[in-house]
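A.B. asks: got a predicted model here, sequence first, then my questions.
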Amino acid sequence: MLERVETTADIAGLMNGIGRRARKAARKLATLPSAQKNEALRAMATAVRAKRAEILAANALDVEAMTANGQTAAYLDRGRLDDERIEAIAQGLEAIAALADPVGEVTAAWDRPNGLKIERVRTPLGVIGVIYESRPNVTADAGALCLKAGNAVILRGGSDTIRSNLALHAALAHGLAEAGLPEDAIQVVPVTDRAAVGEMLKGLEGTLDVIVPRGGKSLVARVQADARVPVFAHLEGLCHLVIDKAADRDMAVEVVRNAKMRRTGVCGAVETLLVDRAVVSTHLEPICRALIEAGCEIRGDETVCAAIPQAVPARAEDWSTEYLDAIVSIKVVDDLEAAIDHIEAYGSHHTDGIITDDQAAAERFFAEVDSAILTHNASTQFADGGEFGMGAEIGIATGRMHARGPVGVEQLTSFKYRVRGTGQVRP
């Protein structure tokens, strides 16, 4: 149920109370046995299935409102739930329960000459704030991953899917209660006022340890500029695929079609194709035909427009646009070096790939392109924690500190050192 608040002070009080409850829950979660966390996760999955009708009813109201507001088809797809997606959410919860518990894992151990025994061990981060847009499945994924890693989490989803988020949260809270865990371990901000985000960026009176923003460029930019706590940045997915001169044509057609059109609204969807000039005469037309037949608009450079009658001229801004729609920009490049230079100039360091049968070209691409995820002869839409075997993800971190790529349970931990002695003193 949405809460009504009248003033900024009311929102500050609401949010700081959420933070205090999360901190209290985090202390308990940090020492919970794996079995109890897994019991809660499995109970959540059962509750999601049991509450399917309520979740879908809430989502229908969100989709109706988004449609009335004129949102794009791709945006609606990101926010829409159906029976298949509800089941995928439940299965994702069960997959996270089946993962190894990272908390307490000894990642390194060594002995010193003075007899001290030192261990580095994984430990929860504490209280995590997740700020995200449109995708209600993030409510379940983020809540479950944080719980598995021993963290409390505060979820602030987009206003467009607030009803869906609250309905999913009700199922998660039911699972927590079933396993005897504090319901404050997973909390959803129950207001849509943007002032709530501002309070999270302030750190909720020191109770928030890290923020994970998952959304468009403007959201991530605001979080990075204003946050007073560490940030795991999930920047836009301006993803590229290079069609190398040694690319298998049929493979290129199938991989490009999947990378662009499987789901156009996901962050791993390819937005720009870079085609080596040496294969324009053989590869460009079949690739574009497959995309056009699938309903994709082509925006190309002069060479592409000359070869493909349906293509429209690309503008300068197309090379730096994350469409999240059935649109792709295509540029012809002279060689692999030119393709890598283009990615460096315009990419977001999310996911980039190459189609080639030349292993040396693939290895050069892997070495020189500095993105969180790189693919060779595979769709960029594999940029997903579930596909990586992580059960799920909070997002794809595009920064270079701590977490990078899919943020799963291991990335939601820090570490501490345990030093065991027999009475040693330092000279």
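C.D. replies: Ah, there it is. Every value quoted in this text rests on a predicted model; they were computed, and no experiment measured them.
A.B. asks: what number of residues lie near Gln71?
C.D. replies: Residue crowding around Gln71 was assessed by other CB atoms under 10 Å; the count is 17. (Glycine included, C-beta is placed from N, CA and C.)
A.B. asks: oops, could you answer that again for Ser320 instead?
C.D. replies: Residues lying near Ser320 (other CB under 10 Å) number 16.
A.B. asks: doesn't Glu119 fall inside a helix?
C.D. replies: No. When DSSP: H, G, I helix; E, B strand; the rest coil is applied, Glu119 is found to be strand, with no helix at that position.
A.B. asks: ok, and the closest non-adjacent residue to Glu285?
C.D. replies: Using CB to CB, 6 or more residues apart in numbering and skipping residues adjacent in sequence, the residue nearest Glu285 is Ala307, 6.5 Å away.
A.B. asks: which ones are touching that neighbour?
C.D. replies: With contact taken as CB atoms under 8 Å, 6 or more residues apart in numbering, Ala307 is in contact with 280, 284-285.
A.B. asks: do Ile308 as well
C.D. replies: 284-285, 288, 298, 300.
A.B. asks: filter those residues to the buried ones?
C.D. replies: Listed as buried from the contacts of Ile308 are 284, 288, 298, 300; burial here means 16 or more other CB atoms under 10 Å.
A.B. asks: with respect to Ala259, which of the contacts of Ala307 is nearest?
C.D. replies: Relative to Ala259, the closest of the contacts of Ala307 is Leu284; by CB to CB it sits at 16.0 Å.
A.B. asks: make sure that closest one is actually in contact with Cys305.
C.D. replies: No. With the criterion set as CB atoms under 8 Å, Leu284 and Cys305 do not qualify as a contacting pair; they are 11.1 Å apart.
A.B. asks: mind naming the longest helix for this protein?
C.D. replies: Secondary structure of the chain per DSSP state H: the longest helix is helix 8-29.
A.B. asks: for that one, name the packing helices and strands.
C.D. replies: With contacts defined as 3 or more CB pairs under 8 Å, 6 or more residues apart in numbering; DSSP states H and E, the secondary structure elements packing on helix 8-29 are strand 127-132, strand 152-156, strand 186-188, helix 195-202.
A.B. asks: turn these into JSON lines, columns for distance to His350 and mean pLDDT.
C.D. replies: Listed next are those as JSON lines, based on distance: least, CB to CB, whole Å; pLDDT from 0 to 100:
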{"stretch": "strand 127-132", "distance to His350": "16", "mean pLDDT": "95"}
{"stretch": "strand 152-156", "distance to His350": "22", "mean pLDDT": "97"}
{"stretch": "strand 186-188", "distance to His350": "26", "mean pLDDT": "98"}
{"stretch": "helix 195-202", "distance to His350": "23", "mean pLDDT": "94"}
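A.B. asks: to Asp111, which of the ones you listed lies closest?
C.D. replies: With respect to Asp111, and counting by CB to CB, the nearest of the helices and strands packed on helix 8-29 is strand 127-132 at 34.4 Å.
A.B. asks: now the next helix or strand after the closest one against strand 127-132, angle please.
C.D. replies: Note on strand 127-132: by DSSP states H and E, the next helix or strand toward the C-terminus is helix 137-148. Relative orientation of helix 137-148 versus strand 127-132 (axes from the mean of the first three to the mean of the last three CA atoms, to 10 degrees): 170 degrees.
A.B. asks: no more questions from me, cheers.
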